[in-house]
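[1] my questions concern the predicted model and sequence given below.
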Amino acid sequence: MRDISPVVLGGAYPGKAVLNELVPITATVFREGHDAVAADVVLTAPGGETRRVPMRQIEPIGLDIWQAKTRLDALGDWSFHVEAYADLWHTWTHNARIKVPLGEDPALVCLEGADLFAKAQALATARSDPAAVLLGRVGSLCTPGTGPQRFLELLDNADIEAAMSRLAPRAFVTATPAYPIRVVRKRAQFGSWYEFFPRSQGAYYNKATQRWVSGTFDDCHPLLERVAALGFDVVYLPPIHPVGTTFRKGRNNTLTPQHGDPGSPWAIGSPDGGHDAVHPDLGGLAAFERFVAKAKALGLEVAIDFALQASPDHPWLMTHPEWFTTRLDGTIAYAENPPKKYQDIYPINFDNDPDGIRAECLRLLEFWVDKGVTIFRVDNPHTKPIDFWAWLLGEMTTRHPEVLFLAEAFTRPAMMQSLAAAGFHQSYTYFTWRNTKHELTTYLDEVAHETDWVMRPNFFTNTPDINPEFTQCGKASAFAIRLVLATTMSPAWGMYSGFELLEHVPLRAGGEEYLDSEKYEYRPRDFAASPNLNRLITRLNEIRRAHPALQQLRTTTVLPTSSDKVFAFSKRDGDDIVIVACTLDPDGPVESGLEIDLPGIGRGWDETIRVRDELSGTEYTWGAHSFVRLSPSQVGHIMTVIA
């Protein structure tokens with residue numbers, strides 16, 4: 001055997017799955033000679049129980065690719081190994097079908113068959129398997145006196161085939177090592193995220209003092225109701241802690257803040273506290289706890305930012321100056337990613353006092369979990385050691401297996417995948433920069449089939465740092481295209497507040513920073529203003545919740561289209577089959593042929609299917625070669641196969 005999947009870094013880390021997900025396990029299985037070979041997957045559940053699942057050859061004969069699909073129905077750490085063996089039953093039936101009609105050695109063939117049936121019956125009796133009676137009766141018929149036609153009829157009996165496949169003796173059993181799979185709750189894979197800055201909700205400009213007044217967590221309750229009504233599952237908050245004043249950034253990332261500018265929330269820490277405090281302007285810890293209670297009552301989970309860095313005013317600078325890097329000129333190194341500079345943020349040096357830093361990070365996570373936080377979005381994890389994350393996430397998995405972590409790591413693929421392997425449940429992705437048909441095809445194939453056991457993707461349409469080039473045109477159709485793609489390509493997707501209002505103006509041409517970025521100022525919004533995409537967002541989230549096929553990645557098939565301006569794919573979970581076709585042109589109508597992999601969804605090439613567009617409600621009859629016409633007013637079809 002070879003090419004066992006899923007195996008992450010030789011088994012050093014567990015493969016990823018969620019509760020009751022249909023998990024494919026694959027191996028290349030072969031042996032010398034012409035005799036039949038077969039294989040089983042042997043699963044060991046977290047409680048120690050074992051389960052055997054037969055594998056089936058899934059490619060044309062000769063390619064030796066075998067697979068079993070099973071649903072893992074318990075949370076925790078599973079393991080599996082593959083057992084391959086000489087398939088004596090199917091070797092014998094193959095030979096019997098050829099020899100008996102030709103009259104070659106019928107007596108010997110029957111003796112061999114009787115021996116197999118007797119051994120299978122003995123095993124069935126030992127296991128109290130009801131098939132013992134059937135096998136005993138069949139074995140008595142397997143004699144040279146049985147007519148050839150009657151003999152072959154035995155081999156075509158489905159009950160006999162099922163019993164012998166399960167109970168026939170096996171030879172030369174060969175097992176792989178055991179490989180781990182970690183099963184976590186479904187939110188790790190499937191969910192809709194909404195990001196917003198709490199300080200902007202209810203914020204207003206006080207003309208008397210000529211400064212802005214921050215909104216509080218209590219002011220956010222109406223927004224929570226709106227977000228829940230839109231169909232989101234998770235509300236994500238940028239850092240909610242006190243913000244430093246030293247080197248505070250002003251509007252549009254200037255170094256000259258005006259009176260009352262709130263500064264970047266990622267510049268964490270002031271005399272009011274650090275990572276275990278809530279900014280006083282937000283109402284303090286009590287207001288946050290009321291916010292969490294309100295969110296949970298609406299069915300929303302709360303995710304907060306876990307940003308391991310500090311402003312120059314953070315209490316750590318007094319209590320643990322050794323946690324930072326002192327440069328040769330005596331100053332403390334601030335964060336920078338040339339040409340970007342973050343003078344208001346000091347990164348932590350994880351080589352200095354690693355034990356102390358680890359203990360403090362674990363304490364902080366425990367603090368916020370106790371306050372009802374169930375998800376952490378980790379800022380820039382790729383700038384911290386991987387072994388630190390492996391330790392910290394391992395500790396949290398043991399203590400709080402329900403708590404999830406999203407890696408905000410827009411960096412090189414090897415680092416992103418290594419962080420995911422080390423324990424992150426979800427990862428930011430390159431989706432924001434994938435716009436063409438070729439780019440989308442390559443990337444969807446990658447996340448669905450190449451890195452799926454390592455890295456779960458979360459497709460964000462935008463972030464406070466990323467104003468996508470595709471939507472900087474400001475056209476509603478461009479925003480709608482990215483929404484349809486994000487919500488259907490990935491089981492997890494996210495959106496930063498303002499996207500639904502078509503916010504798109506960049507700070508400078510060719511850049512991807514927003515003008516008047518909310519990172520540095522208050523941005524109260526009128527979410528009922530027109531135009532907006534609230535109706536489309538609500539419908540997309542409804543469709544996602546109704547269709548298991550859209551809640552997973554591994555059955556994704558990219559479909560050929562005749563136009564480079566149309567991107568299409570299908571997904572399947574059991575009987576739920578969804579076909580998506582989306583225009584990539586926000587400016588005008590496009591027409592395209594569409595090839596549907598009918599055998600891939602259990603139909604013949606010459607059959608037709610009846611589909612319903614979940615966006616418009618219109619029904620169509622499609623065949624293997626179909627046609628779509630899309631436009632800025634109808635950017636996509638999300639088709640459910642209904643017959």
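    Happy to help now that I have it.
[2] find the residue at the geometric middle of the chain.
    Arg456 (3.3 Å; Cα atoms, centre = their mean).
[3] let me see the contact set for that residue.
    16, 188-189, 420, 425-427, 491-492 (Cβ atoms under 8 Å, 6 or more residues apart in numbering). Yep, even glycine has a C-beta here, placed from its N, CA and C like the rest.
[4] elements contacting the one helix or strand Met318 maps to?
    Per DSSP states H and E, Met318 falls inside helix 316-319. Here helix 316-319 touches no other helix or strand, going by 3 or more Cβ pairs under 8 Å, 6 or more residues apart in numbering; DSSP states H and E.
[5] what's next to it, contact-wise?
    269, 274, 310, 323-324, 332, 346.
[6] among the residues you listed, which one has the most neighbours?
    Tyr346 (28 neighbours; other Cβ atoms under 10 Å).
[7] now Pro180, what's its secondary structure?
    Judged by DSSP: H, G, I helix; E, B strand; the rest coil, the three-state class of Pro180 is strand.
[8] residue boundaries of the strands in the stretch 351-500 of the chain?
    375-379, 404-408, 426-428, 457-460, 492-496 (DSSP state E, counting those that start in this stretch).
[9] can you give the domain ranges for the chain?
    Per automatic domain parsing, the structural domains of the chain span 2-183, 188-309+353-548, 557-641.
[10] circling back: from Arg56, how far out is the residue nearest to the centre of the chain?
    27 Å (Cβ to Cβ, to the nearest Å).
[11] kindly report the same for Pro271.
    Pro271 is 66 Å from Arg56, by Cβ to Cβ.
[12] over to Tyr496?
    45 Å.
[13] now do stretch 195-206: everything it contacts.
    By Cβ under 8 Å, 6+ apart, stretch 195-206 touches 211-217, 219-220, 222-223, 227, 235-238, 240, 262, 265, 279, 281-282, 291, 460, 463-464, 494-497, 518, 522-525.
[14] mean confidence for that stretch?
    Mean per-residue pLDDT for stretch 195-206: 97.
[15] if you count neighbours, what's buried in that stretch?
    Using 16 or more other Cβ atoms under 10 Å as the test for burial, stretch 195-206 gives 195-203.
[16] and the nearest residue to Asp353 once chain neighbours are set aside, how many residues sit next to it?
    Spatial nearest neighbour of Asp353, chain neighbours left out: Glu322 (5.4 Å); criterion: Cβ to Cβ, 6 or more residues apart in numbering. When neighbours are counted by other Cβ under 10 Å, Glu322 registers 13.
[17] Glu322 falls within a helix, correct?
    Yes. According to three-state DSSP, Glu322 belongs to a helix.
[18] I'd like to know which elements the longest helix seen in the chain is packed against.
    Taking DSSP state H as the assignment, the helix of the chain that covers the most residues is helix 106-126. Helices and strands touching helix 106-126, by 3+ Cβ pairs under 8 Å, 6+ apart, are helix 88-102, helix 131-141, helix 158-167.
[19] just the angle between the last one and helix 88-102, please?
    Same thing as helix 158-167. Angle, helix 158-167 to helix 88-102, by axes from the mean of the first three to the mean of the last three Cα atoms, to 10 degrees: 140 degrees.
[20] next structured bit after helix 158-167?
    That would be, after helix 158-167 and using DSSP H and E, strand 170-175.
[21] tell me what that next one is packed against?
    Counting by 3+ Cβ pairs under 8 Å, 6+ apart, strand 170-175 packs on strand 76-87.
[22] how many neighbours does Glu289 have?
    Other residues close to Glu289 by other Cβ under 10 Å number 15.
[23] now it. Nearest residue, chain neighbours left out?
    Lys371 (6.0 Å).
[24] again, but for Gly47
    Ala74 (7.1 Å).
[25] report the secondary structure state of the one you found.
    Ala74 is classified as coil under three-state DSSP.
[26] does it touch Val183 like I think?
    Yes. Using Cβ atoms under 8 Å, Ala74 makes contact with Val183 at a distance of 6.7 Å.
[27] now do the shared contacts for the two.
    19, 46.
[28] neighbour count for these two, which is higher?
    Taking neighbours as other Cβ under 10 Å, Ala74 and Val183 compare with Val183 leading, 25 against 13.
[29] pretty sure the more buried one contacts Val18?
    Yes. Shown here, Val183 and Val18 form a contact pair, counting by Cβ under 8 Å, at 6.6 Å.
[30] by mean pLDDT, flag the weakest helix or strand of the chain.
    helix 148-155 (a mean of 70; mean pLDDT, DSSP states H and E).
[31] contacts only, for Gly76.
    45-46, 182-183, 401.
[32] try Gly263
    243-245, 248-249, 257, 344, 520.
[33] hang on, it is in a helix, isn't it?
    No. Read with three-state DSSP, Gly263 is coil and lies in no helix.
[34] can you redo the strands of the stretch 351-500 of the chain as CSV with mean pLDDT and distance to Phe350?
    Shown next, in CSV, are those (pLDDT from 0 to 100; distance: least, Cβ to Cβ, whole Å):
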stretch, mean pLDDT, distance to Phe350
strand 375-379, 98, 14
strand 404-408, 98, 16
strand 426-428, 98, 21
strand 457-460, 98, 25
strand 492-496, 98, 28
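[35] could you dump these to TSV with distance to Gly113 and mean neighbour count?
    Output for those, formatted as TSV (distance: least, Cβ to Cβ, whole Å; neighbours: other Cβ atoms under 10 Å):
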stretch	distance to Gly113	mean neighbour count
strand 375-379	59	23
strand 404-408	55	25
strand 426-428	54	25
strand 457-460	52	25
strand 492-496	53	26
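[36] tell me the helices in the stretch 501-643 of the chain, going along the chain?
    534-546 (DSSP state H, counting those that start in this stretch).
[37] of the strands of the stretch 351-500 of the chain, which is nearest Phe567?
    Closest approach to Phe567 among the strands of the stretch 351-500 of the chain is made by strand 457-460 (13.7 Å; Cβ to Cβ).
[38] name the helices or strands packed onto that closest one?
    Short answer (3+ Cβ pairs under 8 Å, 6+ apart): strand 457-460 packs on strand 191-195, strand 426-428, helix 476-489, strand 492-496.
[39] if we go to 10 Å?
    strand 191-195, strand 404-408, strand 426-428, helix 437-445, helix 476-489, strand 492-496 (3 or more Cβ pairs under 10 Å, 6 or more residues apart in numbering; DSSP states H and E).
[40] can I assume Leu594 is in contact with Leu559?
    Yes. If you go by Cβ atoms under 10 Å, Leu594 and Leu559 touch, sitting 6.2 Å apart.
[41] now for these two: what residues contact both?
    Common contact partners of Leu594 and Leu559 (Cβ atoms under 10 Å, 6 or more residues apart in numbering): 566, 568, 579, 581, 626.
[42] out of the residues you listed, flag the one nearest to Thr451.
    For the shared contacts of Leu594 and Leu559, the nearest to Thr451 is Ala568 (21.9 Å; Cβ to Cβ).
[43] contacting residues around the closest one?
    Taking Cβ under 10 Å, 6+ apart as the test, what Ala568 contacts is 437, 440-441, 557-561, 579-582, 592, 594-596, 626, 628, 636-637, 639.
[44] one more time with 8 Å, if that's ok
    558-561, 579-582, 594, 628.
[45] ditto for Lys371
    285, 288-289, 292.
[46] picking that back up, which one of the contacts of helix 316-319 is nearest to Leu102?
    Nearest member of the contacts of helix 316-319 to Leu102, counting by Cβ to Cβ, is Trp323, at 82.4 Å.
[47] okay, the nearest residue to that closest one once chain neighbours are set aside and Gln189: tell me how far apart.
    If you skip the residues right next to it in sequence, Trp323 has Ile348 as its closest partner in space, 5.3 Å away by Cβ to Cβ, 6+ apart. Distance of Ile348 to Gln189, computed by Cβ to Cβ: 31 Å.
[48] can you check Ser165 too?
    Relative to Gln189, and taking Cβ to Cβ, Ser165 is found at 33 Å.
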